[in-house]
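Colleague: sequence unknown, structure follows:
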């Protein structure tokens, strides 16, 4: 037996088999659509909540580190830290307010 010849003669096409294959393909497509993850509003809310948290923590911690460094090098350590914390908090809340006023992404 060579590779050019099929092992068996192909069967004639049967209308019932074709109909069954079409129904099976349609059912598989419906199942894929049903199982596809949906982009819900909860996902967008989760992302915006994470962004607010990151802005808040980043502003406060960044302000504290920069304020402490400035206070350490200028010799006004507690005041530099306090001013840095205040400015970091202001910047964090400004970023949160800006994010809240933006239109949601679609």
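Modeller: Nice, I can see it. The structure displayed is predicted, hence computed values, not measured ones.
Colleague: what is the helix or strand of the chain with the lowest mean pLDDT packed up against?
Modeller: Counting by mean pLDDT, DSSP states H and E, the weakest-scoring helix or strand in the chain turns out to be helix 15-35, with a mean of 90. Helices and strands touching helix 15-35, by 3 or more C-beta pairs under 8 Å, 6 or more residues apart in numbering; DSSP states H and E: there are none. Where you see a C-beta, it was placed from the backbone N, CA and C, and this is true even at glycine.
Colleague: any idea how far that helix is from the chain center?
Modeller: Distance of helix 15-35 from its chain centroid, counting by C-alpha atoms, centre = their mean, to the nearest Å, is 32 Å.
Colleague: for the helix or strand residue 59 falls within, name the packing helices and strands.
Modeller: Assigned by DSSP states H and E, residue 59 belongs to helix 41-74. Helix 41-74 sits against helix 77-101, with contacts defined as 3+ C-beta pairs under 8 Å, 6+ apart.
Colleague: if you count neighbours, what's buried in the helix it packs on?
Modeller: Neighbour-count burial for helix 77-101, counted by 16 or more other C-beta atoms under 10 Å, picks out 80-85, 87-88, 91-92, 95-96.
Colleague: out of those, which is nearest to residue 44?
Modeller: residue 96 (16.3 Å; C-beta to C-beta).
Colleague: can you tell me how far that closest one is from residue 90?
Modeller: Distance, residue 96 to residue 90, by C-beta to C-beta, to the nearest Å: 11 Å.
Colleague: ok, now residue 42?
Modeller: For residue 42, the distance to residue 90 equals 31 Å [C-beta to C-beta].
Colleague: ok, the spatially most central residue of the chain - contacts?
Modeller: The residue lying closest to the centre of the chain (C-alpha atoms, centre = their mean) is residue 47, at 6.5 Å. Applying C-beta atoms under 8 Å, 6 or more residues apart in numbering, we find residue 47 in contact with no residue.
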